[in-house]
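**Student:** Structural data only, the sequence is not supplied:
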C-alpha cells in the first residue's frame, strides 16, 4: 500500500517498547473462570489478582501484599475480601488492608492498587489505567451474542509468546486462512487473495470485509452444516482496540442475499479479546458461537473443536513470526502487500492511543 | 515498627546486589554427602569443588582447572588431591597444581583458589572470603545436638530460587506458621499473631522467643508425641549470620515450667544453614533432632517427614515472594507490621557485615 | 608455550564477541539431510533456510519473508522456489520474490538475502559473507574419502552449547582422549601425554601429528579390527579454518611402516565440519570412514556407534568447560601446557581471519 509509511507500522522486536493503549476496557477472562479460587493474571505488564467475593462481585487488585510482597493470589478469598497466605493481612476489593492479625492500628499506606471491573454477557472486563481505582469514562463493550438464544457458544483461553499487535494483524486480515488453515476454515488460497478486501474505519474501529460468492466450503463448514460443492461465503472482521468481532459464514450459492442483514445459512460469530500480558506476550480469550441447523445437532461442538485447532495453527505461526523478528532485530523491515490495508490502519489507531490515551 | 527506616530493610530485586557477609563460616554441606566423588557447589557466587582425600580430609577448591577451565568437579579424586578430567592436571588440597602429565616444569601460577574447611558434628563448614586460603579468625560454630545421644536427627538439602535474606526472614519470624503450615507444625493463626514476640540481640546474634501456653498441639506434635487437647508451647529462634537454631516444643499444660532450662515434653531442635549460592539463589541445609518418648518409637521419623513437607511449603511461598519482587521491581516497597521486629534486626546485622566484614 | 601471549588465546566468555572468519566455505549439512522439506539452520548468527528445488539444486536464503517476517522454513518448496506459509509469497533461489498472490506488481525490494552453495561428496557447503549472493573466491574444499570405494562411512549432526573454537581445541589436540575417552578410542593417558606432538602449519592449515608405536589398542580398535595386545598407532589432525580432518589408525607393531603413505592396518578417517551457529553455540557435522577387513563385516557399524558415544563425551566436557568460563568470566585466565602448541596456532589463524577476512 503505497500510502503507508513503513516505519510507522514496523514493530520493534520488543513489541512496542512496553506501551499499550491505556484507559480502555480489556478482557480479563470469562465469567466461568472465576469461582472460589483467586486467579493470577498479568495484564498490560501489571500483575493482577482476580477474585469473586462471597457476594458474587468480581474484583481485581494488584497481586502483591504490601507487607512482604507475596502474591495475593496465593491467599484465600473471604466474605469481604482476600487474605494473604503468608501473615494473614486482609484486603477489601477497593485495595485497602482491613485487618492485620495481632495488630490494632492499620496504617493507611497498607493498601494496594485496585481495578474497576465490569462483568457482562459472560465476560470479565477490566479498566486498565496507570492509577488505582480509576473511574471508566465509558461503559464496557457489549457482546450480546453470548446471550442470544439462537446461538450456542464455546470458549478458549490461549497464551501467546508474541506481542498483541501480531495477533491483531492475524485476526483482521483473513487472507492467511488459505495458507495456514487449509484443514479447517481455509483452503482456496488464491480465491482469498484475489477477492476484494473492503476496508473502512470509524473512530477507533476498523472493518475489513471480504465476500467470496460461488466458492467451495472449507472443511469446517462442511462438517458443521449440510453444504454442497459450492457456497457464497463472507468474512466480516471488526477491530475495536482491545478486541475483535469476526463474523464469518456461508449460504447456498446464488441467492443474491450474501450481504443482506437477515441472510440465512451457517453463521460463525467469533469474539476475540486480545489482552497484552507483557510487551512480548499476550492473552487471547476467544469464543465462537454458531446458529443451529435442525439436522445437525453437533454444529457447535464440531465448530468449537475445529476453531480451537485453527487458533493453534495461528499460534504456531505468530510465535514463529515473533521469534524471527527478535532474531533479525532491526535488520528486518516489512514490505507491505495489498492485504495489509486493514491491519495497518489498526496499527495506526493503536499508535495514536499509546501516545494520546484518550483520543477516539 | 515505627523505628525502622524502610529503605534499609527493603531488599532490591537483585537480592542485595551480589554482596554477602564475608569472613564467616558458612555451611557447605553435611559430612554424609562427601564420599569418593567430588561435589560441585556454588557458594556466595564462587563455584567450589568439595572433595574428601583418601586420608579423609575434607577439602575445597575453586572449581576450575587453570589450564582450560573445565570444572575440577568433572575430575577424579586421588590420594593426594583432585585430577582434572580433560588433560589430567593434578591439584593438592592447597590449590597448587602438583602434576602436569608429560611436562616436567610446573609453573607456580598453575594453581587455583583454596578454601579452609572445618568438619565437626556432621557439618562441613567453609570459611568464605575474597582471597585464597585465608586463615579463619575464629573457630567454626558448635552444634552439639548432632552428637547428643538423647536426640536423634534427620537432615535435608534444599535449593531456593530466592535470596538468602528471605529465608532468614522466614525462619526468624514463625508467625507465618499459622497460615502456611496449618497441616503440620502450625495452625491456630490468631494465637500466633496475638502472642507476644520477645526479641533480643547480642553482637551478631538475634533471638526471637514466643510462648504459647494452653494452646492446641499442631498436627505434627500430636503425631510424634502423646499430647492431649492442650499443651504449653514455645518457639525459640536464634539467628547467627550464616545459620539459625530453632528450638521448638511443647509440654503438658499448666506445669509452670514452660521456660525452665530443664523443662520436659517434646523437643524439636532445628539447625538451619542458610548459604547464599548467588545473589538470587540459596542453599538450605537443615537438620531436625527430637528427644525420645518410650511409647513413641517413630517420633523422629514422623517429625523428619513432616518437617520436610513443612519446608517445602516455605519454599513455595518464598520463591513466589521473590518472583513477585522481581516482577514489581522498585515499585514494591514493604510495609512493616508487628511481627517484623526480629527479622529487621537481623537484616541490619547483615547490612553492617556486608559493609564492614569483620564487625561483631 | 612460552612464545604465546595468553591474552591472545584466552577467549572471552562471549565466545569471541560474535565474530567469525567470513568469506569462507562452511559446512551447512549433509546432502542426505536435504529432501523435500526446507531446513532452518542458523549459521554464523544468520538464520538460513536450506531447500532443494525440484530440479535438485541445493539453495539457501535468509530465513525470513520480507512481508511479515515469518521464517520461510515454515513454508513449502515448489518447483522454482520456496513459498511463504503465511500469505503465499514465492521466492526464487536467488532471493527475489517472484509472486505475490492477488497482486500484479512485485516491488524490487521484495527480496531476501541469498547464499551460494556447493554440493559435493555428500556435503553441503555454503559461502558465508556479510553480503547477499557473494561470488566465492575459491572452490569448496574436497573431501574425496566420502566417495572412496575402499571406505564406508557414517555421519552425525551434533549441536554444542559452546563456541566453535572450543570444538577446534578439542579436535586438534587429541591428548585428552586418554582421560575423556577411556572406554572407546582412548585410554593410556600417560602414553598420549608423553608422546611427542609434532605441530606444523602452512597458510591457514595447521597439522598436529602424534605417533604411538608399541601401545595397547584402545577398546574401539579392538572391537573393530583383529588387534593383539599391542599396536603401532598414529593420530594425524589437520585444521583448515572451517573444518578438520582427523586420520587415526593402527597397524601390527614393529613393521617400521607407521608413517609410510601406503601403510596397512585399521584406518579411521574423520571429517569434522565445525560451523558456528552463534557466538556461543556450534553445529558439528561429522563423518567417520573406515577401511574394510575381510573377517570383520561390522567394522564400520561398530566404529560409527563408538565414535558417536565418544563425541557425546566430548560434548559434555566442552559444554561444561564453556558454562564454567561464563561463570568465572574475566577472572578465568588460561595457563598453557605442552599440548597446546597446535590449538594456539589455530586460534591465531582464526583471530587473523576475523580481522582480515581474506588473508591466507
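**Tutor:** That came through, no problem. Model, not experiment: these values are computed from the prediction.
**Student:** I'd like to know how many residues surround the residue of the stretch 151-300 of chain A found nearest chain B.
**Tutor:** Nearest residue of the stretch 151-300 of chain A to chain B, counting by Cβ to the nearest Cβ: residue A:278, 9.9 Å away. (C-beta placed from N, C-alpha, C; glycine too.) Residue A:278: 17 surrounding residues under other Cβ atoms under 10 Å in any protein chain shown.
**Student:** pretty sure residue A:102 contacts residue B:191?
**Tutor:** No: using Cβ atoms under 8 Å, residue A:102 makes no contact with residue B:191, being 9.6 Å away.
**Student:** So for those two, which residue has more residues nearby?
**Tutor:** When residue A:102 and residue B:191 are compared for neighbours, residue A:102 comes out ahead with 21 against 16, by other Cβ under 10 Å.
**Student:** wait, the residue of the stretch 151-300 of chain A closest to chain B sits on residue A:45?
**Tutor:** Yes: between residue A:278 and residue A:45 there is a contact under Cβ under 8 Å: 5.3 Å.
**Student:** rewinding a little: and the residue of the stretch 151-300 of chain A closest to chain B, what are its phi and psi?
**Tutor:** When read as degrees, to the nearest 10, the backbone of residue A:278 gives phi -130, psi -170.
**Student:** burial count for residue A:79?
**Tutor:** Residue A:79: 7 neighbours (other Cβ under 10 Å).
**Student:** Show the contacting residues for it.
**Tutor:** Contact analysis of residue A:79 by Cβ atoms under 8 Å, 6 or more residues apart in numbering or on different chains lists A:53, A:54, A:55.
**Student:** Also residue A:301?
**Tutor:** residue A:154.
**Student:** phi, psi of it?
**Tutor:** phi -60, psi -40.
**Student:** hmm, back to that, find me the pLDDT at the residue of the stretch 151-300 of chain A closest to chain B, would you?
**Tutor:** We have a pLDDT of 96 for residue A:278.
**Student:** Look up the pLDDT of the nearest residue to residue A:34 once chain neighbours are set aside for me, please.
**Tutor:** Nearest residue to residue A:34, sequence neighbours excluded (Cβ to Cβ, 6 or more residues apart in numbering or on different chains): residue A:52, at 4.7 Å. What the model reports as pLDDT for residue A:52 is 96.
**Student:** so who does residue A:52 touch?
**Tutor:** A:34, A:35, A:36, A:58, A:59, A:77.
**Student:** Nearest to chain B among the residues you listed?
**Tutor:** Distance to chain B across the contacts of residue A:52 (Cβ to the nearest Cβ) is lowest for residue A:77, with 14.4 Å.
**Student:** what about the residue in the stretch 151-300 of chain A positioned nearest to chain C, which SS state?
**Tutor:** As assessed by Cβ to the nearest Cβ, chain C sits closest to residue A:193 within the stretch 151-300 of chain A, at 3.2 Å. Assigned by DSSP: H, G, I helix; E, B strand; the rest coil, the conformation of residue A:193 is helix.
**Student:** so it sits right up against residue A:210, yeah?
**Tutor:** No: here residue A:193 does not reach residue A:210: they are 10.2 Å apart, not a contact under Cβ under 8 Å.
**Student:** shared neighbours, those two?
**Tutor:** Common contacts of residue A:193 and residue A:210 (Cβ under 8 Å, 6+ apart): residue A:175.
**Student:** burial count for residue A:314?
**Tutor:** Residue A:314 has 20 neighbours, counted by other Cβ under 10 Å.
**Student:** OK, contacts around residue A:187?
**Tutor:** For residue A:187, the contacting residues are A:178, A:181, A:216, A:218, A:219, by Cβ under 8 Å, 6+ apart.
**Student:** Tell me the secondary structure at it.
**Tutor:** At residue A:187 the chain is in coil, as set by three-state DSSP.
**Student:** so what's it scoring on pLDDT?
**Tutor:** Value listed for residue A:187 in the pLDDT field: 82.
**Student:** which secondary element of chain A has the worst mean pLDDT?
**Tutor:** helix A:6-9 (a mean of 36; mean pLDDT, DSSP states H and E).
**Student:** how distant is the helix or strand just after that one from the center of its chain?
**Tutor:** Next helix or strand after helix A:6-9 toward the C-terminus (DSSP states H and E): strand A:24-30. For strand A:24-30, the separation from the chain centroid amounts to 8 Å (computed by Cα atoms, centre = their mean, to the nearest Å).
**Student:** Stretch A:48-59 too?
**Tutor:** 21 Å.
**Student:** Check which residues of it are buried.
**Tutor:** Of the residues in stretch A:48-59, A:48, A:49, A:50, A:51, A:52, A:53, A:58, A:59 count as buried by neighbour count, 16 or more other Cβ atoms under 10 Å in any protein chain shown.
**Student:** would you turn those residues into TSV with secondary structure?
**Tutor:** As requested, the buried residues of stretch A:48-59 are arranged in TSV below (three-state DSSP):
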residue	secondary structure
A:48	strand
A:49	strand
A:50	strand
A:51	strand
A:52	strand
A:53	coil
A:58	strand
A:59	strand
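**Student:** In those, find the pair that's most separated.
**Tutor:** Pairwise distances across the buried residues of stretch A:48-59 (Cβ to Cβ) peak at 15.7 Å, for the pair A:48 and A:53.
**Student:** Can I get the contacts of residue A:79 in TSV including distance to residue A:267?
**Tutor:** Formatted as TSV, the contacts of residue A:79 follow (distance: Cβ to Cβ, whole Å):
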residue	distance to residue A:267
A:53	37
A:54	39
A:55	37
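**Student:** Residue A:325: which element?
**Tutor:** Take DSSP H and E as the rule and residue A:325 turns out to sit in helix A:299-328.
**Student:** After that helix, heading C-terminal, what element do we hit next?
**Tutor:** Following helix A:299-328 in sequence order, the next helix or strand is helix A:341-355 (DSSP H and E).
**Student:** For that following helix, buried residues please.
**Tutor:** Buried residues in helix A:341-355 (16+ other Cβ under 10 Å): A:341, A:342, A:343, A:344, A:345, A:346, A:347, A:349, A:350, A:351, A:353.
**Student:** That helix: how far from the chain's middle?
**Tutor:** Averaging C-alpha positions (Cα atoms, centre = their mean) puts helix A:341-355 16 Å from its chain's average.
**Student:** mind listing what's buried in stretch A:264-279?
**Tutor:** Using 16+ other Cβ under 10 Å as the test for burial, stretch A:264-279 gives A:265-279.
**Student:** Likewise for stretch A:298-309?
**Tutor:** Buried-residue list, stretch A:298-309, by 16+ other Cβ under 10 Å: A:299, A:300, A:302, A:303, A:304, A:305, A:306, A:307, A:308.
**Student:** tell me the contacts of the last one?
**Tutor:** Listed by Cβ under 8 Å, 6+ apart, the contact set of residue A:308 reads residue A:156.
**Student:** With adjacent residues omitted, what lies nearest to the residue most central in space within chain A?
**Tutor:** With distances taken as Cα atoms, centre = their mean, residue A:273 lies nearest the centre of chain A, 1.5 Å away. Excluding the flanking residues, the one nearest residue A:273 by Cβ to Cβ, 6+ apart is residue A:27, at 2.9 Å.
**Student:** so the one you found bridges to which residues?
**Tutor:** With DSSP bridges as the criterion, residue A:27 is bridged to residue A:125.
**Student:** Quick check: it touching residue A:285?
**Tutor:** Yes: with contact defined as Cβ under 8 Å, residue A:27 reaches residue A:285; the gap is 4.7 Å.
**Student:** between the two, who's got more neighbours?
**Tutor:** For the pair residue A:27 and residue A:285, the greater number of neighbours falls to residue A:27 (25 against 22), based on other Cβ under 10 Å.
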